[in-house]
Each structure stands twice: as C-alpha cells, then as structure tokens.
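Trainee: I'd like to go over a predicted model; first the sequence, then the structure.
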Amino acid sequence: MNHLAENSKGGVTITDVTLREYGQNVPAACLDIFTPRIRLEIAKRLLKAGFQNIEILSCIHPAIAPAMNEDALKEIAAGLGRVEGVHLITLVPNTAGYRNFLDMGLGPSGYNHTMGIFFSAVEAHNLANLGRPIKETLDEYRKILRDAAANKIRIVAYISGAFGYFDPKKGVLIDADMEEVISYMDLLFELGAQTVTLSDLQGVANEKKTGRFFETLLSGRRAQDINKIGYHPHNISGEAAIANSKTAYSLGIRRFDGSLGGTGGCITGAPGNQPTERLVRSFHESRIDTGLNEQKIFALKNMIERELFKKISLQ
C-alpha cells in the first residue's frame, strides 16, 4: 500500500538533535569547548533557521553524559527562556530524570519543554542502554506519564532498535518483533505521546528493509495517525540514511530527525545521524517544503564544525 497519495499535503517536519545527541557524547575534558554559552548560541541559531522541534537537553546522570550536568542544563534553560510555538525537547529516562525535569522548572508553568521518553524494542539493547528490561521500563513510564498528564506536560516518545539490534556480546543481529513494535507504538499514543519516532539504532536497514518496515507499520492507518510517526536513522553513511528517509517519505512518513554534520549517536555505540543540512537540501531539491532556511543551516553547520567538532576531535 502506498500512503503517499493519502498523505501528500504539506511538507515535512525535521527535528534537529545535535545539542542532545552530540552533547551526550562530549567527554568531561572537552566541556571548556562545549560550553553552555555555545550551546545557547546553537539553539538560538536553530530557532532563527526555522526549527520548531529541537532536542536540546537530557536529564540523565552526568557520569554518563558530563555535558548534561544540572548546572549546565539550568543555565541553558534559563538562557533560552520560554519559547512559544516551539518544542524544546528534553529527554527523561526514568523517575529520577523526571524529578530533575520538574525541579528545573521545565514543565508548562516554567520553560515549557516537551518531555521525551525512550526505550528499545530489543531487550538486549534496552538492558545495555537503560539497565533494565523493557517491561520494567514501561511500568515506570506509565507512572511518569500519568503524573505528566496531570501536569499538562507535552510528551514525545522514541522507540530505539525498531529495525533490529546487533548485539556486540553475541555477535548477532537481533531482529525486533514487528508486532511488538506496533503494540509499543500504540501504547505510547494511548499514554499521551503526541508523536512516536522509530529509530534504526545502528543503521542495520537498507532502503528495501526500510520500505518493508514502513509498509507493514503503516498498513491500515489513517493519514492523521501517520503524521504522528517519525523516523530517526543512524548510519555511518549520511547518504544511506537520507536514501532511507526518502523511502520512508514515499510511504507517507513526514517527520524526520537529523543532526548537523551527522554527529551524535547512542552511548551504546550506535553510529552517527543523517546530516540535518544535507537532509534539508535533499528535500528542497525534490521541491518538498521543510519550512527551514537552508543557507542559515549550512552556515551553522560550518560554525559548529570549526568551533566544536574539529577542536574536540583534537583533544
């Protein structure tokens, strides 16, 4: 079934994840380069380029991601202030992270961030990434989301490993169960998620597998429901990730994640992202509207490459 005809109106929504995904991989020794000041500048320039969805912070332990220490998060949140009409997304992995989210004033009565929750469709990766089984993760999120709903916090959700997970301990690719992926996605919508993004964690899917995945996932769904589903491809090749995104687009997907320069990835060892700037250009070349200023995005990517990527890679 080709969903493109059902869902052809309008353009696409691109979420930039540079600040969060790249930030989680910056070591403590480089925090004098990856400062709150430069992170604020990047966020403000992303807003000026037209982004309405930006993954910006993560309430995870600074022992795992030093750049996500509480002082830095508070400074960045205060520096940006409350930005209306934009989803500034802060990830929350557990109850402790949710308490930090509230304590820092990121809820609707404060800076009004959107809360992102995440887990893996593959048990082995969920254990590696979150340190507990999927069932325990979902049980905890049910409690968090009930409270979040009472506080009128906006929710977005992410399912990692939806296309499978290569387990380095066993040396085998573990396929995600498609029926389970669909049931997880439906559960997240029931729990109040405004969008659910499916991640190819390690770039294990080519265009053919990506097409089969979305054909099955979207079968029988209404266009308005499809519009709430996103795609987040990791890949060592930016071009391969973008090709997969164009396949997803042809089947009706209209929400995509990217990172400037293709940087970032999961702390469990997943490769980088599709480059935001090249994804935007690819859509524009196909006359697909993104609502984004391509020139400003490439200028920001060049600044980040000069001021962050190259300097940090030399440390």
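Mentor: Sure thing, it's come through. Numbering: from 1, shown residues only.
Trainee: what helices and strands are in contact with the lowest-mean-pLDDT helix or strand in the chain?
Mentor: In the chain, no helix or strand scores lower on mean pLDDT, DSSP states H and E than helix 223-226, which sits at a mean of 86. Counting contacts by 3 or more C-beta pairs under 8 Å, 6 or more residues apart in numbering; DSSP states H and E, helix 223-226 is packed against no other helix or strand. Bear in mind the C-beta positions are built from the backbone N, C-alpha and C, glycine included.
Trainee: mind listing what's buried in it?
Mentor: I226 (16 or more other C-beta atoms under 10 Å).
Trainee: and if you look at stretch 20-32?
Mentor: So, applying 16+ other C-beta under 10 Å, buried residues of stretch 20-32: 20-26, 30-31.
Trainee: just stretch 67-87 next, same as before
Mentor: For stretch 67-87, burial by neighbour count (16+ other C-beta under 10 Å) applies to 67-69, 72-77, 80, 83, 86-87.
Trainee: tell me which of these is nearest to R132?
Mentor: Nearest to R132 among the buried residues of stretch 67-87 is M68, at 19.7 Å by C-beta to C-beta.
Trainee: assess the claim that the closest one and E55 are in contact.
Mentor: No: M68 is not in contact with E55 according to C-beta atoms under 8 Å; the separation is 11.9 Å.
Trainee: that older thread, mind putting the buried residues of stretch 67-87 into CSV with pLDDT and secondary structure?
Mentor: Formatted as CSV, the buried residues of stretch 67-87 follow (pLDDT from 0 to 100; DSSP: H, G, I helix; E, B strand; the rest coil):
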residue, pLDDT, secondary structure
A67, 97, helix
M68, 97, helix
N69, 97, coil
A72, 97, helix
L73, 97, helix
K74, 97, helix
E75, 98, helix
I76, 98, helix
A77, 98, helix
L80, 97, helix
V83, 97, coil
V86, 97, coil
H87, 97, strand
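Trainee: that older thread, elements contacting the next helix or strand along the chain from the least confident helix or strand of the chain?
Mentor: Using DSSP states H and E, the helix or strand that directly follows helix 223-226 along the chain is strand 229-233. When contacts are defined as 3+ C-beta pairs under 8 Å, 6+ apart, strand 229-233 packs onto strand 195-200, helix 207-218, helix 238-250, strand 255-258.
Trainee: give me that answer again for 7 Å
Mentor: strand 195-200, helix 238-250, strand 255-258 (3 or more C-beta pairs under 7 Å, 6 or more residues apart in numbering; DSSP states H and E).
Trainee: circling back: JSON lines for the buried residues of stretch 20-32, including secondary structure?
Mentor: Listed next are the buried residues of stretch 20-32 as JSON lines, based on DSSP: H, G, I helix; E, B strand; the rest coil:
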{"residue": "R20", "secondary structure": "helix"}
{"residue": "E21", "secondary structure": "helix"}
{"residue": "Y22", "secondary structure": "helix"}
{"residue": "G23", "secondary structure": "helix"}
{"residue": "Q24", "secondary structure": "helix"}
{"residue": "N25", "secondary structure": "coil"}
{"residue": "V26", "secondary structure": "coil"}
{"residue": "C30", "secondary structure": "helix"}
{"residue": "L31", "secondary structure": "coil"}
